[in-house]
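In: Sequence isn't available, so here's the structure alone:
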């Protein structure tokens, strides 16, 4: 179970202090102080997450306390309370560092809990954002491959293991997932790194041209062959040949490629001389080669020759935790190219990027960041700078929620009841954790348990 956030309540009236402690101690580790001096002593000894302070205090006012609290190396969230509220005081409090402001005369515990929870979430997002910047500054990732999800950690591990070997690698994944970057990482981490890496985009060439592109041709081999051409296999001798979109090659080229993989030799088009090469082959495709083998459009023997090591790249929608890291990486890169002093995202913009499903994967994310940098009017990309489809993305709900609602056509009340039951099951009956996972206060959860007759759950 996670430790409770630490809350310091500062008020010179004992009934107010004790009343707030009684109301909030189920969610916070509460400390009390009756004046600024006592509060500062506690701040020196403990690291508080939140300071909730009255404005009118003996000798020094609460605003001075907040100003000094905000000067700490790890400043807490500061919320100011006052019975002498005014618009001018609220503006001044926020300008001088207060995170929120609430009038004691209208103080409702549920509203106070909501405001503290919202401030904690904001603070957490900003801390995570800063951590992402630090990770990027430390060149987190494998060259230009960026990610910290378990799926990408597995990809990194496979790259590190296979790179020093001569094994043929087949990279599979949707368009835009970074297959060419993975191929380059394998090459750069291999003993062949000082030798050339040659890339062929198979789908960009007609079958008649692809054979010549790969194996070269002699002068006069076909109409238009006015001179000898050295093919990509020869160019890559001693290094790596990357065949992108391998699923697009025709049957005759598949046969010749199979021979190269088996014998490491070939003939140029129009020649009889056999040429031997030492080439490490890496191939990539966004197609299901196994299904193509079953359909008879791709040779089974070639498929098995190529998949000595098979590496699957996950789509971006399956690793949303990597989106902020990638977004910050692209932001630094593109802002430098554009010569714009854009250094960060607002919290709303970053959350929208995480919410969006990215059907075109990393390539689409980069394009979105490029457009946002171009439109940005300040030093942070705001929600308005993102593409409309990204701005309007809804956050994903708890696992299984959508299918549950669609298949059973549940009422809103029954759906909420089922979500509460699931949250309690996942938290093994821990109500504090269940409330946190549901995004509600513990008090709200207790009320819902009573409404849905789940007190004994």
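Out: Looks like it arrived, so ask away. Computed from a predicted model, the values in this text were never measured in an experiment.
In: Count the neighbours of residue 75 for me.
Out: For residue 75, the count of nearby residues is 18 (other C-beta atoms under 10 Å). C-beta here means a position set from N, CA and C on the backbone, and glycine is covered the same way.
In: State the distance from it to residue 93.
Out: 15 Å (C-beta to C-beta, to the nearest Å).
In: and if you look at residue 28?
Out: 22 Å.
In: ok, now residue 10?
Out: For residue 10, the distance to residue 93 - C-beta to C-beta - is 14 Å.
In: Which one of those two is surrounded by more residues?
Out: residue 10 (26 against 23).
In: And the pLDDT at that one?
Out: On pLDDT, residue 10 comes in at 93.
In: And residue 56, by the same measure?
Out: 83.
In: That one contacts residue 80, correct?
Out: No. Counting by C-beta atoms under 8 Å, residue 56 stays clear of residue 80, with 10.6 Å between them.
In: Could you list every helix and strand that the helix or strand harbouring residue 450 packs against?
Out: Element membership for residue 450, per DSSP states H and E: helix 442-451. In terms of contacts (3 or more C-beta pairs under 8 Å, 6 or more residues apart in numbering; DSSP states H and E), helix 442-451 is packed against helix 109-137, helix 412-426, helix 431-438.
In: I'd like the average pLDDT over that helix.
Out: 78.
In: Next, the angle from that helix to helix 431-438.
Out: 100 degrees (axes from the mean of the first three to the mean of the last three C-alpha atoms, to 10 degrees).
In: got the contact list for residue 73?
Out: The contact partners of residue 73, by C-beta atoms under 8 Å, 6 or more residues apart in numbering, come to none.
In: Residue 279 too?
Out: Counting by C-beta under 8 Å, 6+ apart, residue 279 has contacts 233, 236-241, 260, 264.
In: Tell me, please, where in this structure the pLDDT is lower than the cut-off.
Out: Residue ranges of the chain with pLDDT under 70: 1-2, 83-88, 90, 129-144, 393-419, 422, 438-440, 456-457.
In: what's the distance between the residue of it most remote from its centre and residue 116?
Out: Ranked by distance from the centre of the chain (C-alpha atoms, centre = their mean), the top residue is residue 220, with 53.7 Å. Plainly put, residue 220 is 82 Å away from residue 116 if you go by C-beta to C-beta.
In: same deal with residue 162?
Out: On the measure of C-beta to C-beta, residue 162 and residue 116 end up 50 Å apart.
In: These two: which is more packed in?
Out: The residue with more neighbours, out of residue 162 and residue 116, is residue 116; 23 against 19, by other C-beta under 10 Å.
In: phi, psi of the closest residue to that one other than its chain neighbours?
Out: For residue 116, ignoring the flanking residues on the chain, the nearest one in space by C-beta to C-beta, 6 or more residues apart in numbering is residue 50 at 5.8 Å. Main-chain dihedrals, residue 50, degrees, to the nearest 10: phi -140, psi 140.
In: do the same with residue 31
Out: The phi/psi pair for residue 31 (degrees, to the nearest 10) is phi -120, psi 150.
In: burial count for the residue nearest to it when sequence neighbours are not counted?
Out: Spatially, and ignoring its direct neighbours in sequence, residue 31 is nearest to residue 8 (4.9 Å; C-beta to C-beta, 6+ apart). Applying other C-beta under 10 Å, we find 25 residues neighbouring residue 8.
In: how far does the strand or helix carrying residue 8 sit from the chain's center?
Out: Per DSSP H and E, residue 8 falls inside strand 6-10. Relative to its parent chain, strand 6-10 has a centroid offset of 33 Å by C-alpha atoms, centre = their mean, to the nearest Å.
In: Quickly run through the sheet partners of that strand, with directions.
Out: Strand 6-10 has the following sheet partners, assigned by DSSP bridges: strand 29-33 (parallel), strand 50-54 (parallel).
In: For the next helix-or-strand element following the last one, which residues meet the burial criterion?
Out: Right, strand 50-54. The helix or strand immediately downstream of strand 50-54 is helix 62-69, counting by DSSP H and E. Neighbour counts over helix 62-69 (16 or more other C-beta atoms under 10 Å) mark 62-63, 65-66, 68-69 as buried.
In: quick one, helix 62-69 and strand 29-33 angle?
Out: Angle, helix 62-69 to strand 29-33, by the same axes, to 10 degrees: 120 degrees.
In: Helix 62-69: what's the following helix or strand?
Out: Next helix or strand after helix 62-69 toward the C-terminus (DSSP H and E): strand 77-82.
In: which helices and strands sit right next to that following strand?
Out: Applying 3+ C-beta pairs under 8 Å, 6+ apart, one finds that strand 77-82 contacts strand 50-54, helix 62-69, strand 100-103, helix 109-137.
In: Tell me which residues are up against the third one.
Out: When you say that, I think you mean strand 100-103. If you take C-beta under 8 Å, 6+ apart as the criterion, strand 100-103 is touched by 77, 79-83, 85, 89-90, 93-94, 111-112, 115, 119.
In: Residue 4 reaches residue 24, doesn't it?
Out: No. At 9.9 Å, residue 4 does not count as touching residue 24 under the criterion of C-beta under 8 Å.
In: Neighbour count: these two, which is higher?
Out: Ranked by neighbour count (other C-beta under 10 Å), residue 4 and residue 24 place residue 24 first, with 22 against 15.
In: Chain neighbours aside, what residue packs nearest to the more buried one?
Out: In space, residue 24 comes closest to residue 30 once its chain neighbours are excluded; the distance is 5.9 Å by C-beta to C-beta, 6+ apart.
In: and the gap between the one you found and residue 48?
Out: Relative to residue 48, and taking C-beta to C-beta, residue 30 is found at 10 Å.
In: and what of residue 337?
Out: In terms of C-beta to C-beta, residue 337 sits 42 Å off from residue 48.
In: do residue 98 as well
Out: 15 Å.
In: Let me know which of the strands paired with strand 6-10 is tucked in deepest.
Out: strand 50-54 (a mean of 25; mean count of other C-beta atoms under 10 Å).
In: ok, and what's touching that one?
Out: Strand 50-54 is touched from outside by 5-13, 16, 20, 28, 39, 43, 62, 65-66, 69, 76-82, 104, 112, 116, 119-120, with contacts defined as C-beta under 8 Å, 6+ apart.
In: Any of those residues buried? List them.
Out: Using 16+ other C-beta under 10 Å as the burial test, these include 5-12, 16, 20, 28, 39, 43, 62, 65-66, 69, 76-82, 104, 112, 116, 119-120 as buried.
In: Number of residues surrounding the closest residue to residue 382 other than its chain neighbours?
Out: In this structure, residue 382 finds its nearest non-sequential neighbour in residue 346, 5.0 Å apart by C-beta to C-beta, 6+ apart. Residue 346 has 16 neighbours, counted by other C-beta under 10 Å.
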